[in-house]
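K.L.:
Can you look at this prediction? I've put the sequence above it.
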Amino acid sequence: MPNTKNIQQVEVLTEKLGRAKAIYFTEYLGLNVEDITELRRDFHKSDVEYAVAKNTLLKLAAKNNGLEGMDSYLNGPTAIALSYEDPTSPARVLKNFTNDHDLPEVKAIYFDGDLLDGSELKRIAEMPTKEELLSILAALLNSSMTKLARTLQAPMADVGYALSNLKEQKSN
């Protein structure tokens, strides 16, 4: 018979997993308190929630949300990084953190409806953010409009130059 505390934790985890755009399953064993505090601070700056959870409760919450295939990754000590806005921000935080530290190891990533192996972390971390993609799109649209304006303006300028040259020839 499950106790009330575990039932409440499963409800909270179910709600969080349901809202998350990306879930990163990490193994935190081997990190000392200073390192975990630094990692949590980095996650907080990026609006990512990082929490330790029991595997059995995670399995139940995942099942409640219809997230399949995670059972093989949920063994040993597990902490989850949840992103509700930008699904790539936990990957960037983890990549930067693991450059200075060897841990945490990413077991799996639930990203945009797909379950990926932890080895995909680097690829995801290198993806541009939504803001970066929007700025690239704006620059591409702006350059096309500028080219169009110059192209449309060129014949008028050529006519002006021709008339100016004709006037100079007639005056000489």
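P.N.:
Ah, there it is. Since the structure is predicted, the reported quantities are computational estimates derived from the model, not experimental observations. Numbers count the residues shown, from 1 in each chain.

K.L.:
Work out which residue lies at the spatial centre of the chain.
P.N.:
Thr88 (1.3 Å; CA atoms, centre = their mean).

K.L.:
pretty sure Glu105 contacts Glu27?
P.N.:
Yes. The pair Glu105 and Glu27 qualifies as a contact (CB atoms under 8 Å) at a distance of 4.6 Å. The C-beta positions use only the backbone N, C-alpha and C, and glycine is treated the same way.

K.L.:
pLDDT (mean, whole number) over stretch 8-23?
P.N.:
For stretch 8-23, the mean per-residue pLDDT is 94.

K.L.:
Please renumber the chain so that the first residue is 428 from this point on.
P.N.:
All set: I'll call the first residue 428, so the last point we hit is now stretch 435-450.

K.L.:
Can you give me the buried ones in it?
P.N.:
Of the residues in stretch 435-450, Gln436, Val437, Leu440, Thr441, Lys443, Leu444, Ala447, Lys448, Ala449, Ile450 count as buried by neighbour count, 16 or more other CB atoms under 10 Å.

K.L.:
Next, the buried residues of the helix or strand hosting Leu484.
P.N.:
Leu484 belongs to helix 482-491 when assigned by DSSP states H and E. For helix 482-491, the neighbour count (16+ other CB under 10 Å) marks Asn482, Leu484, Leu485, Lys486, Leu487, Ala488, Ala489 as buried.
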